[in-house]
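Novice: No sequence on hand, only this structure:
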């Protein structure tokens, strides 16, 4: 987390807004002057005052992640003005569906082999099962539109990689973002 | 729209003109849709975004803005990016499970072929 309110260096927000960057500027910790595009995107899509309102509603320890997710959404919307992040969500939801079908088919094959060959069937190790359907912990409504195509707009990439990785680490996902694509913001 | 204002103009307490850019996408029978979008993006940002797009793409854009706004209202910290994380985790888990299952099938196949 960078702070630019030291010395005379205004943060990227105050530089763009052409105002004095005061000590305690709410943007300064999250929009360092070395990353001007981050605030340009966020301001273009959300507006500085909406971002201020949002940050003021959050606890200080939540603000960095909030700003980074806003920056991610803003960049996605700048790159794909029609679908924004929703393009990526649709793409990923289709991948989940495709994988579920493949998993169902593989499990069906496994059952077939197990039934045809019961005496030599492998014992299941305790606590493991091959028959685990995907159950999303938290399903939001799918975004279904007529012409969204194969993931929509900008997000037609092969191999399941997002166009760009997340700029911050999420401890719970570990190395999930390995296939994050062409670099961060 | 005759005497009926769209949800945006009603909320903003202004006259809804015939060329109101928001009215096709924020009808008066769904006021909450505009409220959500306005809270996150602001009416003028939404208007600017839509104005930059060709007309035939604006409906999709308005829908996706509404979807993202809803996500942000439900999760103030991560918005729809939280869902992206979740989906990536699901994909990772499913791929691992698939590899494991396919390996088990390969073992069983070889046992059937070479008892």
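Specialist: Alright, I've got the coordinates. Here the structure is a predicted model, which is why all the values come from computation and not from measurement. Numbering: from 1, shown residues only, chains lettered A, B, ... in the order given.
Novice: where does the residue nearest to residue B:59 when sequence neighbours are not counted sit relative to residue B:7, distance-wise?
Specialist: Nearest non-adjacent residue to residue B:59, counting by CB to CB, 6 or more residues apart in numbering or on different chains: residue B:25, 6.1 Å away. From N, CA and C alone the C-beta is placed, and that goes for glycine too. Applying CB to CB, to the nearest Å, the value for residue B:25 to residue B:7 is 9 Å.
Novice: re the thing from before, just to check, the residue nearest to residue B:59 is in contact with residue B:60?
Specialist: No - in this structure residue B:25 lies outside contact range of residue B:60 using CB atoms under 8 Å: 9.8 Å.
Novice: domain ranges for chain B?
Specialist: B:1-74, B:78-115 (automatic domain parsing).
Novice: where does chain B dip in pLDDT?
Specialist: B:1-3 (pLDDT under 70).
Novice: next one: chain A
Specialist: Applying pLDDT under 70 to chain A picks out residues A:1-8, A:117-185.
Novice: pull the longest helix from it.
Specialist: For chain A, the helix reaching the highest residue count under DSSP state H is reported as helix A:85-116.
Novice: helices or strands next to that helix in the packing?
Specialist: Counting by 3 or more CB pairs under 8 Å, 6 or more residues apart in numbering or on different chains; DSSP states H and E, the packing neighbours recorded for helix A:85-116 are helix A:60-79, helix B:55-74, helix B:80-113.
Novice: right, so of these, which gets closest to residue A:44?
Specialist: helix A:60-79 (6.7 Å; CB to CB).
Novice: now the closest one and helix A:85-116, what's the angle there?
Specialist: 100 degrees (axes from the mean of the first three to the mean of the last three CA atoms, to 10 degrees).
Novice: so does stretch B:8-17 get close to chain A?
Specialist: No - counting by CB under 8 Å from any CB of the partner chain, chain A has no neighbours in stretch B:8-17; the shortest distance is 15.3 Å.
Novice: In that stretch, which residues are buried?
Specialist: B:8-9, B:11-12, B:16 (16 or more other CB atoms under 10 Å in any protein chain shown).
Novice: thinking again about what came up before, buried set for the longest helix of chain A?
Specialist: A:85-93, A:95-96, A:99, A:102-103, A:106-107, A:109-110, A:113-114.
Novice: Need the three-state assignment for the residue nearest to residue B:59.
Specialist: Put simply, residue B:25 is coil when judged by DSSP: H, G, I helix; E, B strand; the rest coil.
Novice: Counting neighbours, what do you get for it?
Specialist: 23 (other CB atoms under 10 Å in any protein chain shown).
Novice: residue contacts, it?
Specialist: Applying CB atoms under 8 Å, 6 or more residues apart in numbering or on different chains to residue B:25 gives the contacts B:50, B:58-59, B:62-63.
Novice: Can I have the buried ones of these as a PyMOL selection?
Specialist: Of the contacts of residue B:25, the buried ones can be selected in PyMOL as follows, counting by 16+ other CB under 10 Å:
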select buried, chain B and resi 50+58+59+62+63
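Novice: and the two most separated of the contacts of residue B:25?
Specialist: Using CB to CB, those span at most 11.5 Å, a distance reached by B:50 and B:63.
Novice: picking up where we left off before, which of the buried residues of stretch B:8-17 sits closest to residue B:76?
Specialist: Among the buried residues of stretch B:8-17, and counting by CB to CB, the member closest to residue B:76 is residue B:11, at 21.3 Å.
Novice: Check the offset of whichever strand or helix holds residue B:34 from the chain's centre.
Specialist: Per DSSP states H and E, residue B:34 falls inside helix B:31-40. Relative to its chain's centre, helix B:31-40 lies at 13 Å (CA atoms, centre = their mean, to the nearest Å).
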